[in-house]
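# Turn this into a structure:
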Amino acid sequence: MSRLSFDIVILGGGINGSLLALNLKQKAPKLNILIIEKQAVFSDKIGESTSDVSSVFLNRLGIDHLLVKHARKNGLRFLFLENNKRLEFASPSQKSIANGYHFDRKVLDTDLLAECKKKGISVWQPAEIKQLDIQKDNNQIKVLKDSQTIEITAKWFIDVSGRFRFLQKKLNIENIPLQLNTGAVATHFNNIPANQSWDTPEHPLWTERCIGSQDYSTIHFMRKGCWWWFIKINENRASIGMVYNKEVIPSSEAKTYFLKQIKEDPVISKALQNAIPNKINHIENLPYMVRQYHYKNTALLGDSGAFVDPLFSPGLDFVCQQNEYLSNLLIDYFKTGKKNKRKWGKYNRIIFKANKDRVYIYKQIYSYTHSYDLFSNIAEYIFLGYQTFSVLPLRYFPKRMSKISTLNFITQPITQLYFLRLRVLLKKREKKNKTSFALPQPVRFSRVGMPLGIKLFTKPFDLFWAWLKDFILLNIG
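This next block holds a predicted model:
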């Protein structure tokens with residue numbers, strides 16, 4: 001029986017596991033890191049779209065030669081259908097350090113693991129953990145590889161196994177109860193028609209100011225009780241999914257509803273006309289989170305500890321910030337030779353609070369997914385906070401990558417009051433059977449951007465005024 005020793009063992013060779021290893025190796029080249037990946041060959045995966053923070057993170061890792069293989073993400077579009085009228089709220093991407101991508105995950109995951117090997121990171125694929133004995137500073141692990149059991153030790157074990165949640169099962173960690181009650185149905189479609197056959201004509205703003213065509217934005221079809229994503233990976237293939245509120249669409253009916261809307265929805269049916277679906281996946285319980293994100297010399301990263309919602313493509317953003325924070329803590333451990341309880345306690349509190357805040361916000365959002373007026377204003381409110389506290393500071397303060405934003409004693413009551421007021425407006429509209437009428441139609445754009453110089457520091461005020469002006473219109477309309 002072979003015996004090997006590593007500083008850090010990472011379970012999971014997908015995008016999040018590889019990015020953690022690459023980030024650690026870039027910061028501390030002498031670390032001895034092992035990635036264990038169960039799949040011999042990666043399969044197609046959902047989760048192809050980046051947002052601003054994750055894009056900045058990726059652009060710093062020196063993997064541009066891998067990123068250029070994938071389509072540029074040209075922004076966000078939210079398409080509504082009210083009284084058979086198409087309405088749109090859009091946020092085109094302008095050239096900046098935060099420009100993102102639509103990934104072919106099978107290609108990217110494979111390339112990232114190969115890049116890890118080039119950087120001197122050990123990769124075992126396929127391999128499977130058969131036993132983990134958690135001990136302080138000396139985790140004992142038995143791994144099945146090439147039909148042999150290999151016994152190894154690791155000072156740290158990081159679970160990046162995604163929804164498989166290896167450590168959660170190992171330690172019998174319970175999920176905490178959540179108010180957010182959603183599920184998802186998703187697949188990939190081949191032979192998709194050209195966007196011009198179903199989409200609205202491209203607004204001049206896309207060609208004048210955006211980095212590319214609206215075709216390669218992340219498109220959202222907004223409907224009552226659910227929303228759909230349409231992520232174009234290439235000219236032939238797209239990722240399609242629906243996230244639904246189980247209080248509106250029961251889980252037992254979700255897959256049938258998904259297939260029905262593909263045929264009957266006036267817009268979605270045309271976007272997928274004659275397209276060929278792959279295997280349809282149904283996740284009945286989409287969100288989950290735990291309370292504890294580290295235990296002794298083990299830690300959970302990304303979906304192994306929590307998943308909230310994919311609207312606005314926040315998943316990779318949050319994981320990249322958590323990656324940066326966790327990497328700094330691990331490097332501090334190897335420098336000092338001990339685990340700083342105060343720093344790790346703060347880390348756990350922030351990760352837990354950030355996930356809890358996101359659950360609250362998304363719970364509110366699902367009441368407004370069908371309303372062009374109300375949802376557009378919510379998007380402006382979210383963009384205001386996201387750009388001001390997470391994205392814009394990264395241009396001049398790169399160390400803020402690990403600063404994960406949470407609602408504080410000021411922003412939390414403001415957010416709660418804001419959603420209470422929106423609920424009043426929604427009820428008034430429903431009582432009068434009114435659809436959207438207050439904001440400019442049929443297309444309007446966000447004010448999101450990353451300008452240079454002094455304009456960068458005035459951008460938050462620009463975003464605040466855009467949101468406030470529209471919020472006033474909603475209240476007097």
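# Next up, the contacts around residue 106.
42-45 (CB atoms under 8 Å, 6 or more residues apart in numbering). C-beta here means a position set from N, CA and C on the backbone, and glycine is covered the same way.
# Tell me the buried residues in the one helix or strand residue 26 maps to?
Element membership for residue 26, per DSSP states H and E: helix 15-27. Buried residues in helix 15-27, counting neighbours by 16 or more other CB atoms under 10 Å, are found at 15-25.
# Likewise for stretch 215-229?
Neighbour counts over stretch 215-229 (16+ other CB under 10 Å) mark 215-223, 225-229 as buried.
# For the stretch 1-150 of the chain, which segments are assigned as helices?
Taking DSSP state H, counting those that start in this stretch to define them, one finds helices in the stretch 1-150 of the chain at 15-27, 52-59, 64-67, 105-118.
# Next, the buried residues of the last one.
Spelled out, it's helix 105-118. Buried, per 16+ other CB under 10 Å, within helix 105-118: 105, 108-113, 115-116.
# The host helix or strand of residue 460 - contacts with which helices or strands?
According to DSSP H and E, residue 460 maps onto helix 454-476. Judged by 3 or more CB pairs under 8 Å, 6 or more residues apart in numbering; DSSP states H and E, helix 454-476 is in contact with helix 372-386, helix 411-432.
# tell me the most buried of those helices?
helix 372-386 (a mean of 23; mean count of other CB atoms under 10 Å).
# List the contacts of residue 101.
So residue 101 contacts 49-50, 55, 58, 67, 70-73 (CB under 8 Å, 6+ apart).
# and the gap between the closest residue to residue 206 other than its chain neighbours and residue 232?
Leaving aside its sequence neighbours, residue 206 sits nearest to residue 214 (CB to CB, 6 or more residues apart in numbering; 4.8 Å). Distance, residue 214 to residue 232, by CB to CB, to the nearest Å: 10 Å.
# Now do the shared contacts for the two.
What both residue 214 and residue 232 touch, as defined by CB under 8 Å, 6+ apart, is the set residue 195.
# which one of the contacts of residue 101 is nearest residue 260?
For the contacts of residue 101, the minimum distance to residue 260 (CB to CB) is 25.4 Å, reached by residue 49.
# how does the chain divide into domains?
Domain segmentation of the chain under automatic domain parsing yields 1-69+104-174+287-369, 182-283, 371-477.
# Can you tell me which of those is nearest to residue 77?
So among the domains of the chain, domain 182-283 is nearest, using CB to CB, at 4.8 Å.
# And the helix or strand of the chain with the lowest mean pLDDT, what does it pack against?
Within the chain, no helix or strand scores below helix 204-209, which has a mean of 86 by mean pLDDT, DSSP states H and E. When contacts are defined as 3+ CB pairs under 8 Å, 6+ apart, helix 204-209 sits against strand 85-92.
# Direction included, what does the strand it packs on pair up with?
strand 75-82 (antiparallel), strand 443-445 (parallel) (DSSP bridges).
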